[in-house]
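**Q** here is my input; please provide its structure:
(chains A, B and C)
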Amino acid sequence: MISLKNVAKWYGSFQVLADCSTEVAKGEVVVVCGPSGSGKSTLIKCVNGLEPFQKGEITVDGISVGDPKTNLPKLRSRVGMVFQHFELFPHMTVMQNLTLGQVKVLGRSREEALQKGMKLLERVGLSAHKDKFPAQLSGGQQQRVAIARALSMDPIAMLFDEPTSALDPEMINEVLDVMVELAKEGMTMMVVTHEMGFARKVARRVIFMDAGRIVEDAGKEEFFGTPRSERAQLFLSKILHH
Amino acid sequence: MVGTLRTTPLAWAVRLGNLYVEIFRNIPLIVQMFLWFFVMPELVPEALGDWIKQMPPPWGSYVPAVLCLGVFTSVRIAEQVRAGINSLPRGQRMAAIAMGLTEAEAYRYVILPQALRIILPPLTSEFMNVIKNSSVALTIGLLELTGRARAMQEFSFRVFEAFATATVIYLLTNLVVVLLMRALERKVRVPGLIAAGGAPQAGH
Amino acid sequence: MFAGYDFDVIQRSLPYLFRDGMTFTVTLTLIAMSGGIVFGTLLAMMRLSSFTPLSALSGGYVNLMRSVPLVLVIFWFFFLVPYIGAWAIGANEPIRVGAFWSAAITFTMFEAAYYCEIMRAGIQSIPRGQVWSGYALGLDYWQTMGHIVLPQAFRNMVPVLLTQTIILFQDTSLVYVISATDFLGAASKIANRDYRLVEMYTFVAVVYFIISYALSQVVRRLQDRIAVIR
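**A** Numbers count the residues shown, from 1 in each chain, chains lettered A, B, ... in the order given. Modelled structure (predicted):
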């Protein structure tokens, strides 16, 4: 479904990604973790072309992201993305946020979009809030709306960029619950997160990144059982101790 | 000066400063220019008025123009000083007073030195504005000389040249001002104090 | 001090002042404002473009306009526009452009440079994530700008845009220099005809003051309301 081959990226002369290769198969959940500044957010933004990369190749469902001839908006409309800071559109109501892409990109009728939006809001347990503005919701609620917005496009895969790290601790679970449910339904997911509990529960593979490189790419049991690299061991011991 | 006035705790001083600023900010510069040119000599005592009217040609329009620009610009600078002072954390004034400084000393030694650094960039553009605004005065002078109605039809290519020269001169002068002010900014910069990013501001 | 005043002259000329003069001033302000904001927004988008020639072109235009006095720009356009127009449509003689349209074009072009800087700040105040999330939904550049970035940028900048418009309203009085009959021009014509300079100019100043002050109070109130929403 998603395939990365030797991806490299520079900001000026500073290399942020080096020789990153991996695969995400259909229906697979892959968790990407690593210390801050290791390039994991950049990597996931490369997958749907939000960040350009200079070397290597990324394909999604067989379509090359880096190819200038690719219709990027069309490709992106098939890949859902959830951001660290939610990025709901603050000047639109929750429902308008959910219908914008459906109407403008997929060309659905307003009624159809509203119905779909309502169904998704029910699913994330927020149908009562459909006419509120994002600023009137808590962080956890906003992130659930953001997930619903991404799902409204009927994506073939979902990318999550640290979806819980801007949330207060008590709100993390409501968002993770929605994500776990999605995973169980067989959604293809690539998730940048530090929530190792989530990784243990639903991930099939865990990727560990450091300094722009993929240091470890292993099955979940192997990764949590005996990580091969020292950096990963150190990282895990820091993150699991609190 | 006036800008400082408007941040003090004295209510009447604030009110007076506000009134002054509002008046000069809400009347077009060219109208103010006319007020100084035509109205002011009539309102002051007769002898003084006559004396102004009888000043030899260049001075007769020069003095009102300078007065007008001076007052107009002082108001705009007042606004910027106020914005600069208000942008300082409140704690600065409290800390100064807590050290036992009087209100006046706090302004003199703590607040103004900081505020002046903050407002240097907007002052630069204000400087450029004075130069640009002086063109309004020049224009009136020019029109007075040529006679307005006729002038419109008789503009020849000589005038084009004059305008082209004037435009280039304005551009160069403004460039020099920008460079000078940048040098000044660098000189007074306090290490570690990041200049506040220029907030968008309406203006000419 | 007001002994020699003739307030009657003001009353007699009120219809002329407002029907001719003020209408000119207000129409000019509105045209230049709408044109200037549209053109200025486009300039701002160009300036922020990653395509260097576009941003350089726009940057050059804005800086040039901002460092030349408005009066000179008015003159330039007044004398050049007829020639440019003639060149554009291939006519032999300079086309006749009235003072009004010359002024309208001048102010639109000139104000666009200032509106551009305001909109640029407005666009830059929108977090990058908003653009990303628009793109991630599959919106293209124009859709992202039109539905997501510009509405927010515009909303944030309404007070500054309005303040700039008040300045524009005052600046339109400079069309006096091309003998257009705006509010000031009308007053000046009467002033010179009846030799009532003091009365007329004082009156003009008072009217400008009242209008600009009222508008700036509206802006201030708006600013407070926006501050509450955030």
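**Q** list phi and psi for A:Ala218.
**A** phi -140, psi 160 (degrees, to the nearest 10).
**Q** that one: neighbour count?
**A** For A:Ala218, the neighbour count with other CB atoms under 10 Å in any protein chain shown is 18. C-beta coordinates here come from the backbone N, C-alpha and C atoms, glycine included.
**Q** quick one: name the residues of chain C near chain A.
**A** C:127, C:129-130, C:132-140, C:143, C:147-148, C:151-152, C:155 (CB under 8 Å from any CB of the partner chain).
**Q** break down chain A into its helices, ranges please.
**A** Using DSSP state H, the helices found in chain A span residues A:40-47, A:72-77, A:94-104, A:110-123, A:139-151, A:169-184, A:196-202, A:220-225, A:230-240.
**Q** quick one, the longest one and helix A:110-123 angle?
**A** Going back to what we said before, that points to helix A:169-184. 120 degrees (axes from the mean of the first three to the mean of the last three CA atoms, to 10 degrees).
**Q** would you mind listing the buried residues in helix A:169-184?
**A** A:Met171, A:Ile172, A:Asn173, A:Glu174, A:Val175, A:Leu176, A:Val178, A:Met179, A:Val180, A:Leu182, A:Ala183 (16 or more other CB atoms under 10 Å in any protein chain shown).
**Q** A:Thr164 is in contact with the second one, correct?
**A** Yes. Taking contact to mean CB atoms under 8 Å, the distance of 4.6 Å between A:Ile172 and A:Thr164 places them in contact.
**Q** and for these two, which residues touch both?
**A** A:Glu195 (CB atoms under 8 Å, 6 or more residues apart in numbering or on different chains).
**Q** ok so, going back, just the buried residues of helix A:169-184 now: which is nearest A:Val16?
**A** When the buried residues of helix A:169-184 are compared for distance to A:Val16 (CB to CB), A:Met179 wins out at 26.3 Å.
**Q** out of everything not next to it in sequence, what's closest to A:Leu151?
**A** A:Leu120 (5.5 Å; CB to CB, 6 or more residues apart in numbering or on different chains).
**Q** where among the helices of chain A is average confidence lowest?
**A** Mean pLDDT values for these show the minimum at helix A:230-240, a mean of 83.
**Q** any idea which helix or strand comes after the helix or strand encompassing C:Trp142?
**A** C:Trp142 belongs to helix C:141-143 when assigned by DSSP states H and E. Note on helix C:141-143: by DSSP H and E, the next helix or strand toward the C-terminus is helix C:150-171.
**Q** list the contacts for the residue of chain A most remote from its centre?
**A** Most distant from the centre of chain A: A:Glu111, at 28.3 Å, with distances by CA atoms, centre = their mean. Listed by CB under 8 Å, 6+ apart, A:Glu111 has no contact partners.
**Q** distance-wise, check it relative to chain C.
**A** Separation of A:Glu111 from chain C (CB to the nearest CB, to the nearest Å): 20 Å.
**Q** what do you get for A:Gly34?
**A** Distance from A:Gly34 to chain C, by CB to the nearest CB: 21 Å.
**Q** chain neighbours aside, what residue packs nearest to that residue?
**A** A:Met209 (3.7 Å).
**Q** output the contacting helices and strands for the lowest-mean-pLDDT helix or strand in chain C.
**A** Every helix and strand in chain C was compared by mean pLDDT, DSSP states H and E; the lowest is helix C:8-15, with a mean of 72. In terms of contacts (3 or more CB pairs under 8 Å, 6 or more residues apart in numbering or on different chains; DSSP states H and E), helix C:8-15 is packed against helix C:183-194, helix C:197-229.
**Q** nearest to A:Met81, out of these?
**A** Of all the helices and strands packed on helix C:8-15, helix C:197-229 comes closest under CB to CB, at 27.6 Å.
**Q** could you say what helices and strands that closest one packs with?
**A** helix B:11-25, helix B:29-34, helix C:8-15, helix C:150-171, helix C:183-194.
**Q** neighbours of the residue nearest to A:Glu195 when sequence neighbours are not counted, how many?
**A** The shortest distance from A:Glu195 to any non-neighbouring residue, by CB to CB, 6+ apart, is to A:Thr164 (5.9 Å). Neighbours of A:Thr164 under the rule other CB under 10 Å: 24.
**Q** turn the helices and strands packed on helix C:197-229 into JSON lines, including mean neighbour count.
**A** Converted to JSON lines, the helices and strands packed on helix C:197-229 look like this (neighbours: other CB atoms under 10 Å in any protein chain shown):
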{"stretch": "helix B:11-25", "mean neighbour count": "15"}
{"stretch": "helix B:29-34", "mean neighbour count": "24"}
{"stretch": "helix C:8-15", "mean neighbour count": "14"}
{"stretch": "helix C:150-171", "mean neighbour count": "20"}
{"stretch": "helix C:183-194", "mean neighbour count": "21"}
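**Q** would JSON lines of those with distance to C:Phe51 be doable?
**A** Listed next are the helices and strands packed on helix C:197-229 as JSON lines, based on distance: least, CB to CB, whole Å:
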{"stretch": "helix B:11-25", "distance to C:Phe51": "39"}
{"stretch": "helix B:29-34", "distance to C:Phe51": "38"}
{"stretch": "helix C:8-15", "distance to C:Phe51": "53"}
{"stretch": "helix C:150-171", "distance to C:Phe51": "19"}
{"stretch": "helix C:183-194", "distance to C:Phe51": "43"}
